Structures are given as C-alpha cells and as structure tokens.
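>>> Return a 3D structure for these sequence lines:
(chains A and B)
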2 protein chains.
Amino acid sequence: MSKRIAGPEIERLIQLLAKVPGLGPRSARRAALHLIKKKEQLFEPLSAAMNEALEKVRVCSVCGNVDTADPCSICTDPRRDAGTLIVVEDVADLWALERAAAMNVRYHVLGGTLSPLDGVGPEDLNIAGLINRVAEGGVGEIIIAVNATVEGQTTAHYITDQMADMGVKVTRLAHGVPVGGELDYLDEGTLAAALKSRTVF
Amino acid sequence: MSKRIAGPEIERLIQLLAKVPGLGPRSARRAALHLIKKKEQLFEPLSAAMNEALEKVRVCSVCGNVDTADPCSICTDPRRDAGTLIVVEDVADLWALERAAAMNVRYHVLGGTLSPLDGVGPEDLNIAGLINRVAEGGVGEIIIAVNATVEGQTTAHYITDQMADMGVKVTRLAHGVPVGGELDYLDEGTLAAALKSRTVF
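Numbering: from 1, shown residues only, chains lettered A, B, ... in the order given. Got it, this is the predicted structure:
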C-alpha cells in the first residue's frame, strides 16, 4: 500500500503474507483481514501452529525430509524397506509419492536439480549424501523420481553415472498415459513413450 | 492428507493454512513447505509479525476499522473532515477507498449487509453505531459506499430511511463506466446509468 492505512504491524503482516506462495499483494490483504476478523477461530490457532512448527520442525540429516524428528519418521520406520531409495527433487514430491502410497520404502531428497545456467552444480544438491548412503551398503535399488523436465533428466543421468560402479540398480519412473487421461490431449513424446513401453493386456 | 507423513505439527499447520482465503488444501501444503524451507527469510519474520498483530490489532470502537489504536488513526486524525462519513460494508472496502485517496474524511464500517435470507438483520450490523454518531451532531453528509449488489442496495435504502429525520445529507457512489473500461464489455444496467448521469464534456 502506498499510504499508511492501518498501522505498521498490519502492513508488515500483509507484506510477509504476500511472500507466501499462492498469495499475492491483493490476496495477502484479504488474508490479513480475514485473520484479524477470525481472531479466535483462525488467527490464534494458526499463529500457535506456526510457533510450534518453527520450534520443532527440522530437516532430516539422512534423507532431507522435513519432520519433527531427526532422523525423520520415514528413515526410522522399521516397517519400511531400507534397501530401496526413491530419489526426489523436493519434499513436495516425497509427500506426493507418500500420498500415492504405492511403495513402503525410503527416500532421498536432492533439494533441486542440476541447472548449470542457474549455477546449480552437484555440490549444491544432496548428491554426496546419496552416494554415502549407497556406499554404506544395504541399498539394492535407487528409483529416480525426478520431474520429466530437461533439468530433471540431466540430474537423473548424472546420478546414474555416479552410481555406475557401486553395484546398485538404478531405475526411473515409467513414462505413459496418466490414469484417467485422454489421449487426444497428450503430447507426442508421452504417446510415443507409452507405445514403446506397452504392456500385455 | 490421508496418511501421516511429516508429524502432527506440520499437518496442523497445513490444515490451518488451508483455511486462509486464497489458499486451498494443495497450496497450503506448498505454502507450509516453502515456509519451512525459508525459515529465516520468511517463516520466522511472518510468525513474529503474526504474534505482534495478534497482540496489538483491535477493532475501532468508533468506526469499526482495524488498527493498533482504539479509536483508530483515521478517527483521531485531526486533518480529516469529521463532518463526512463514508459508510462501507467491510474494512477491505475502507482500505480500497483509502488507496484511491480521493477524500480525506472518516468512515463507518457496517460489518456486512442486510440479508434476511441469511438471517442478517439491522441489529447484526453496526447501524446503531452509525445512528449514534450522527445523533451526536457534527456530521453533515453520509456517503453510502456499499457494493452495487441487491443486499448492498437494500442496506443503503434501510440506512437512508433511518437517516430521514436526522438532518443529514445522504449520498451514494455514482454508477458509470469504470475508468479504463470498454463499453462493449459492460452490462446494460451500467450503460443506462452512465447515460442517465452523463456530464458536460
């Protein structure tokens, strides 16, 4: 706001809310006003939840997941297969795969993808940690579940190269038609990949 | 999330963030993750700003604005014309009018509009407060700046009736073509109103 309307505390709250992904300057104002109006129902509980998360949440030193415990609850869960690691770019991808609940295994969060143009090299990602985990033994398969973007695929190739002599199987997610997807809307690359990897009916 | 992934503290944070207008369940997850990743740059300052706003922000007992002072900084500003009150539905409308910075006057926030179907009657709005302010004297004009909806117009008529014998001038915002607007995209009602209220060029 160009003009001081409602005290520096509210303006500072709006400025910071506007930096939250999904909110912009306009919706941050609406959000701030909503919080102030719903003080007991939302503002106070949200503030308390944020204080608690700030105090307790940390990054897992083993896999890079965020949790209130370090190592995280996934890394310490004895019911999970420690012999398979799913390598993801981001914690959001880990959460997405957990929601799919298809495999009861462990993860490794890279924290991004290789991107020479943006100055992101292997040392900026948690790749050394992955190599250490494999070198310690016990890992039989690495499933590379990075995004199907140029950067993601570059990263996948780099990791595959690093793992070449470590006696670990490296796999990647299948390409194909999304479940519920319509062929008409799919790009040629996906259709070609789905044809190539066709399965017996 | 159907499955416990990252500790109850993070899930509670996501649940509460999802109630903020502008965020949904999916963007709340992204927002929570972003906050955790940008702990020092965003999460800590935002949490501190929320704590401070929670502690200091209150509703002005005179006009219904939100501010850190009561009466608010608008009600106590001696440079503002206390003889004119702009009546708005919501604090967001007050902020919008302040951004326009067209008039240096005071406000009265109703806190909603009359809506018999939703059970909102005059006693649920801050109309008694408006009548008191006018009865105390010193107010020469009330500008009704409610939304141009059915409920807004019903509320405007109700307030005009209440003010009938109080010796105060009641005006409302002009209808017309929005500045920068294209005629082709405007509804007939707006165009008819703009023609009726045409001004000399």
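
>>> for the longest strand along chain A, the distance to its chain's centre please.
Using DSSP state E to define each element, chain A has its longest strand at strand A:81-88. In terms of CA atoms, centre = their mean, to the nearest Å, the centre of strand A:81-88 is set 15 Å apart from its chain centre.

>>> what's stretch A:177-193 in contact with?
With CB atoms under 8 Å, 6 or more residues apart in numbering or on different chains as the test, stretch A:177-193 has contacts from A:175-176, A:194. (Each C-beta comes from the backbone N, C-alpha and C, glycine too.)

>>> Quick check: buried residues in that stretch?
Within stretch A:177-193, the residues that qualify as buried by neighbour count (16 or more other CB atoms under 10 Å in any protein chain shown) are A:186, A:190, A:193.

>>> Which of those fall in helices?
Judged by DSSP state H, the buried residues of stretch A:177-193 include A:190, A:193 as members of helices.

>>> Now do the longest strand of chain A: which elements does it pack against?
When contacts are defined as 3 or more CB pairs under 8 Å, 6 or more residues apart in numbering or on different chains; DSSP states H and E, strand A:81-88 packs onto helix A:91-100, strand A:105-109, helix A:127-135, strand A:141-144.

>>> What distance do you get for A:Val20 to chain B?
Separation of A:Val20 from chain B (CB to the nearest CB, to the nearest Å) stands at 5 Å.

>>> residues near that residue, how many?
Using other CB atoms under 10 Å in any protein chain shown, A:Val20 is surrounded by 26 other residues.

>>> just A:Lys37 next, same as before
16.

>>> List the contacts of it.
Applying CB under 8 Å, 6+ apart to A:Lys37 gives the contacts B:Val91.

>>> Give me the distance between it and B:Asp90.
As judged by CB to CB, to the nearest Å, A:Lys37 and B:Asp90 stand 9 Å apart.

>>> three-state assignment of the closest residue to A:Met163 other than its chain neighbours?
Distances taken as CB to CB, 6 or more residues apart in numbering or on different chains place A:Val170 nearest to A:Met163, at 5.2 Å, with adjacent residues excluded. What DSSP: H, G, I helix; E, B strand; the rest coil gives for A:Val170 is strand.

>>> can I assume A:Val170 is in contact with A:Ile142?
Yes: with contact defined as CB atoms under 8 Å, A:Val170 counts as touching A:Ile142 (5.0 Å).

>>> Looking at those two now, which is surrounded by more residues?
More crowded of A:Val170 and A:Ile142, by other CB under 10 Å: A:Ile142, with 23 against 18.

>>> so that one touches A:Met163, yeah?
Yes: at 6.4 Å, A:Ile142 and A:Met163 qualify as touching, with contact defined as CB under 8 Å.

>>> Residues that sit against both of these two, list them.
Common neighbours of A:Ile142 and A:Met163 are listed as A:134, A:170 (criterion: CB under 8 Å, 6+ apart).

>>> Report the separation between A:Gly176 and A:Tyr185.
Using CB to CB, A:Gly176 is found at 14 Å from A:Tyr185.

>>> go on, A:Thr155?
Distance from A:Thr155 to A:Tyr185, counting by CB to CB: 27 Å.

>>> Over to A:Val146?
Between A:Val146 and A:Tyr185 the computed distance is 23 Å (CB to CB).

>>> Give me the distance between the closest residue to A:Val146 other than its chain neighbours and chain B.
Closest residue in space to A:Val146, ignoring its immediate chain neighbours: A:Gly152 at 3.7 Å, by CB to CB, 6+ apart. Separation of A:Gly152 from chain B (CB to the nearest CB) stands at 18 Å.

>>> just checking, what packs against the host helix or strand of A:Gly152?
When elements are assigned from DSSP states H and E, A:Gly152 belongs to helix A:150-162. With contacts defined as 3+ CB pairs under 8 Å, 6+ apart, the packing partners of helix A:150-162 are helix A:127-135, strand A:141-144, strand A:169-172.

>>> Out of these, flag the one nearest B:Ala128.
With CB to CB as the measure, helix A:127-135 is the member of these nearest B:Ala128 (65.0 Å).

>>> Can you give me the buried ones in the closest one?
A:127, A:129-130, A:133-134.

>>> mean confidence score for that helix?
Helix A:127-135 shows a mean pLDDT of 94.

>>> Show me how far it is from its chain's centre.
Mean C-alpha position of helix A:127-135 versus that of the full chain (CA atoms, centre = their mean) differs by 18 Å.

>>> Now do that helix against strand A:81-88: the angle between them, please.
With axes from the mean of the first three to the mean of the last three CA atoms, to 10 degrees applied, the angle from helix A:127-135 to strand A:81-88 works out at 160 degrees.

>>> Show me what helix A:127-135 is packed up against.
Under the contact criterion of 3+ CB pairs under 8 Å, 6+ apart, helix A:127-135 touches strand A:81-88, strand A:105-109, helix A:150-162.

>>> Right, I'll call it a day here.
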